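Participant: Pasted the sequence and its predicted model underneath.
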Amino acid sequence: MAEVSIATGVSKPTKPRLCSFCNQVLKKEIVDVWDYPPRSPADLQKTAELGCFICGWVVLLIEQKEATEQLETESIYIYWDESQSTYLNWSLGFKSGRLDHLCGQSGPIFCVIDESGMSLSNETGYTDVHDQYEPRSFPGFDNTHFRKLAMKWLKNCRENHQNCRTTNNAFLPTRLIRIADVENARLISSAKIDGMVDYATLSYCWGGLQTLKLSVNNYNQLSTYIRVGDLPQTIQEAILACIGLGIQYIWIDCLCIVQDSYLDEDWKKEAATMGWIYENAALNLCMAGSARSSESSYQTRDVNLIKPLQITSDPDDKEGKGAYMVCTNAFDYDIVNCPLRKRGWVFQEWFLAKRSLVFGQTQLWWHCREQLANETFPDGIPDDARVEYEPPPIVRAHAMKDNSLPARDNMKIDPKDSANSKLNTHQEISGTQDKEKDISAVYERWWEISSKYAQTRFTYESDRVIAFSGIAQAFRTSHNLSDQYLAGIWKGHFPAGLMWSRVPEGIAEARRSLKYKAPSWSWMSIDGPYSLSGGGGLMSQTFCSIEQTHLHLEDDKYDTGLLRDGSLEMRGHLIGPFTHDLISWDNIDQIDGWSFKVEEGDDLNYPSRISWDERDSKGEIMISYLKAPSQNSPLDSSTTKASRKRLSLNDTKASFFLLPLAHATEGVYLSGTSLLTGMILYQAPHQTGIYHRVGLYEIIVSVVKDSTRVSKDKYPLQSISIF
């Protein structure tokens, strides 16, 4: 196997790279984790500042975990995995008395690899540390080493990566920033640029008030002159990077979109094309290390943590070369959990950009559709530099870009081919039916993306729909979908796409926006961030069909864009009406009419589950619905002027209904049963024939020859309008 390029840095001895405690751990002088005394945060901080490689990483990871989960660490244990010597683990004790792990049950944070990138196991322990470090000067693109590394990545990608080629060579954004030098730049209309030019894009956190923004009043001034020194620190660093990489133009949202145009017309126009802007850029600069534009991206950079720890893996190897300890959490720390990834707009920017130069908190990263590299591994991160039970970093990185599941050549995916598209028809999906497997995989991939997106934050929650628009456009193209896009769900994925719920449902506050975003049956109607569950998998049998869809778009040219209103006409078995006190975990299976009888000796802890869409900050269940402006303006004519009314579940005066969607035998752990899933609907006072989704229910039911007989007899098919 070819050797993996690993950063070695300078060799001039200055400080030891391990403290005495971690040196003991490395040599396995004590084997049992509980024989080690717990370390305190103050002790770790001190040894980290003195240059300990292990303590330095642990301190950073603890700080990130505490900030994310609002915890306070009391004690830290560092120990080798009991079954092998590949992973160095940690456990954290919090002041709440809880013992927790950062990564799953074992909590590995370091692994040992050889020069080929393969993991090593050494039952006798590692005997010595051979290298020492010397901090380098502050990084930046005025640093030759920094600049050459980024240029190498960019050149290699352009010349050798087929999947990273430009999608549309004729596209330029409406406006760009033209960089003259380190001090001067100006706004320019792309209509005034002769021919095609390379441009970079910028992904960053505004993090408060933006000091300089494009407006109607300063448009002419910025078109003449922009003093780079007047820009926030993050933007200055991005401009210096462009100069270092030889890119003369950059697109920055605050300077290329008119922020105060009449009725946000310029913003709406540019937001609709945001996907194309990032997809066609030569490079996306991701300032992942700063939570606000006024901060530098290099705040926690420490070359001691970038350079792997060189150790002796074989006691008989006197030179001790060829074994390296690396942090398995570097990718999570710098990219997955960075401040930038929490921003909703950045999710689309990162996903669509074919290549990204990431300014991480600890080091510089390269992330394109074919390669993931950093300063530690400049030629690509090896698969074994990771936690064993997780996919390799390159696989996880691919999932962040629009390239993880390309459609088959010349295969067009038609929603009529979907396994879930017909009413009351049993569909068996065979592993040999390639086309149906592809369709299922495409929709599962879409649900994966949607679930990740739901966890992001927005300054203005009303942006959630439009900030997903470019992803939907690109996904449709790259997967050859001839499918209608319906507020975050593909029509061919119905009814499975309607079977979503929030998790953990009973804890986090969630609500639908007072300002209209999407119909209640769409997961996009809920304000984020939240975790999303369901929405995938193959249905054994469906109990409803789509008759018509009504979506009123802000701009008919963009069917993935902003919505004015929308509804779904479905045909199904409407069960009810009920009052709110009848819908509970205890009796949902009884009122549905498809009750599952637990036989004696069966161990079934959760025969049913209810997930309410909305809760207030105290965890109380809330119900909301669209209310027409007047009796003379019925809701079914338009929801544009409707207002949202929200009330506690206990205060509801009108009726609830259940709408069975589908059931599946696959994945249900009790033999002879299947999982039935349906929506909980609310019919507001004076809204005859109109329903609003307020939750989801699941029941484990008996599998019978004709499981629709009960519903046909008692609840005949009817048309239902859901807003």
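Facilitator: Alright, I've got the coordinates. Residues are numbered from 1 along each chain as shown.

Participant: Pull out the buried residues from stretch 187-207.
Facilitator: For stretch 187-207, a neighbour-count test (16 or more other Cβ atoms under 10 Å) marks Leu187, Ile188, Ser190, Tyr199, Ala200, Thr201, Leu202, Ser203, Tyr204, Cys205, Trp206, Gly207 as buried. Heads up, the C-betas are built off the backbone N, CA and C, glycines and all.

Participant: what's the fifth one in contact with, if anything?
Facilitator: Ala200 makes contact with 238, 241-242, 245, 247, 249-251, 281-285, according to Cβ atoms under 8 Å, 6 or more residues apart in numbering.

Participant: any chance of the residues you listed in a markdown table, with neighbour count and distance to Leu214 too?
Facilitator: Output for the contacts of Ala200, formatted as a markdown table (neighbours: other Cβ atoms under 10 Å; distance: Cβ to Cβ, whole Å):
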| residue | neighbour count | distance to Leu214 |
| --- | --- | --- |
| Ala238 | 28 | 16 |
| Ala241 | 25 | 21 |
| Cys242 | 23 | 18 |
| Leu245 | 20 | 24 |
| Ile247 | 20 | 20 |
| Tyr249 | 21 | 15 |
| Ile250 | 24 | 14 |
| Trp251 | 24 | 12 |
| Ala281 | 27 | 19 |
| Ala282 | 20 | 22 |
| Leu283 | 25 | 22 |
| Asn284 | 25 | 20 |
| Leu285 | 29 | 19 |
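
Participant: in what helix or strand does Lys269 lie?
Facilitator: Assigned by DSSP states H and E, Lys269 falls within helix 265-272.

Participant: Packing partners of that helix?
Facilitator: Using 3 or more Cβ pairs under 8 Å, 6 or more residues apart in numbering; DSSP states H and E as the contact criterion, no helix or strand is in contact with helix 265-272.

Participant: what does it contact?
Facilitator: 173-174, 256-259, 261, 277, 463, 466-467, 469, 554-555, 557-558, 561-562.

Participant: Please pick the buried ones from those residues.
Facilitator: Neighbour-count burial (16+ other Cβ under 10 Å) applied to the contacts of helix 265-272 gives 173-174, 256-258, 261, 277, 463, 466-467, 469, 558, 561-562.

Participant: Going by distance to Gly195, which of the residues you listed wins?
Facilitator: Ranked by distance to Gly195 (Cβ to Cβ), the buried ones among the contacts of helix 265-272 are led by Pro173 at 15.2 Å.

Participant: SS state for the closest one?
Facilitator: Three-state assignment for Pro173 (DSSP: H, G, I helix; E, B strand; the rest coil): coil.

Participant: pLDDT at it, what is it?
Facilitator: Pro173 is assigned 96 on the pLDDT scale.

Participant: Check the spacing between the residue nearest to the spatial centre of the chain and Arg396 real quick.
Facilitator: By Cα atoms, centre = their mean, the chain has its centre lying nearest to Lys452, at 3.1 Å. Noted for Lys452: a distance of 11 Å to Arg396, by Cβ to Cβ, to the nearest Å.

Participant: now swap in Leu309 and tell me
Facilitator: For Leu309 relative to Arg396 (Cβ to Cβ), the value is 23 Å.

Participant: More neighbours: the two, which one.
Facilitator: Neighbours per residue (other Cβ atoms under 10 Å) separate Leu309 from Arg396, with Leu309 holding more: 26 against 17.

Participant: Please name the bridge partners of the closest residue to the more buried one other than its chain neighbours.
Facilitator: Among residues not flanking Leu309 along the chain, Met325 sits closest, at 4.0 Å (Cβ to Cβ, 6 or more residues apart in numbering). As for beta bridges, Met325 partners with Val112, Leu309 under DSSP bridges.

Participant: ok, back up a step: from the buried residues of stretch 187-207, which is closest to Lys653?
Facilitator: Using Cβ to Cβ, the buried residues of stretch 187-207 come closest to Lys653 at Trp206, 43.3 Å.

Participant: if we can go back for a sec, would you mark the buried spots in the helix holding Lys269?
Facilitator: By 16+ other Cβ under 10 Å, the buried positions in helix 265-272 come out as Asp266, Trp267, Lys268, Glu270, Ala271, Ala272.

Participant: go on, stretch 39-47?
Facilitator: Buried-residue list, stretch 39-47, by 16+ other Cβ under 10 Å: Arg39, Pro41, Leu44, Gln45, Thr47.

Participant: tell me the mean pLDDT over that stretch?
Facilitator: Mean predicted lDDT for stretch 39-47 stands at 93.

Participant: And for stretch 303-322?
Facilitator: For stretch 303-322, the per-residue pLDDT averages 72.

Participant: any idea how far Ser545 is from Thr362?
Facilitator: 53 Å.

Participant: between these two, which one's more packed in?
Facilitator: Taking other Cβ under 10 Å, Thr362 and Ser545 do not tie; Thr362 has more neighbours (24 against 16).

Participant: What are the boundaries of the strands in the stretch 201-350 of the chain?
Facilitator: 226-227, 249-251, 283-286, 309-311, 323-327 (DSSP state E, counting those that start in this stretch).

Participant: first to last residue in stretch 160-174, what's the distance?
Facilitator: 30 Å (Cα to Cα, to the nearest Å).

Participant: Need the max-distance pair from the contacts of Ala200.
Facilitator: Farthest pair in the contacts of Ala200, by Cβ to Cβ: Leu245 and Trp251, 14.8 Å.

Participant: Low-confidence ranges, the stretch 351-500 of the chain, go.
Facilitator: Applying pLDDT under 70 to the stretch 351-500 of the chain flags the ranges 387-389, 403-437.

Participant: so where's the stretch 101-250 of the chain uncertain?
Facilitator: Counting by pLDDT under 70, the ranges of the stretch 101-250 of the chain that qualify are 101-107, 120-140, 142, 166-167, 209-210.

Participant: can you give me the helices in it?
Facilitator: 144-160, 219-224, 233-245 (DSSP state H, counting those that start in this stretch).

Participant: mind listing what's buried in the second one?
Facilitator: Neighbour counts using 16+ other Cβ under 10 Å place Leu222, Ser223 of helix 219-224 among the buried residues.

Participant: Alpha carbons of it, as PDB, please.
Facilitator: The C-alpha trace of helix 219-224 is given here as PDB (Å, rounded to 0.1, in the frame of the first residue of the first chain):
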ATOM      1  CA  TYR A 219     -24.900  51.300  -4.400                       C
ATOM      2  CA  ASN A 220     -23.000  53.900  -6.500                       C
ATOM      3  CA  GLN A 221     -20.400  54.400  -3.800                       C
ATOM      4  CA  LEU A 222     -19.600  50.700  -3.500                       C
ATOM      5  CA  SER A 223     -19.500  50.400  -7.300                       C
ATOM      6  CA  THR A 224     -16.600  52.900  -7.200                       C
END
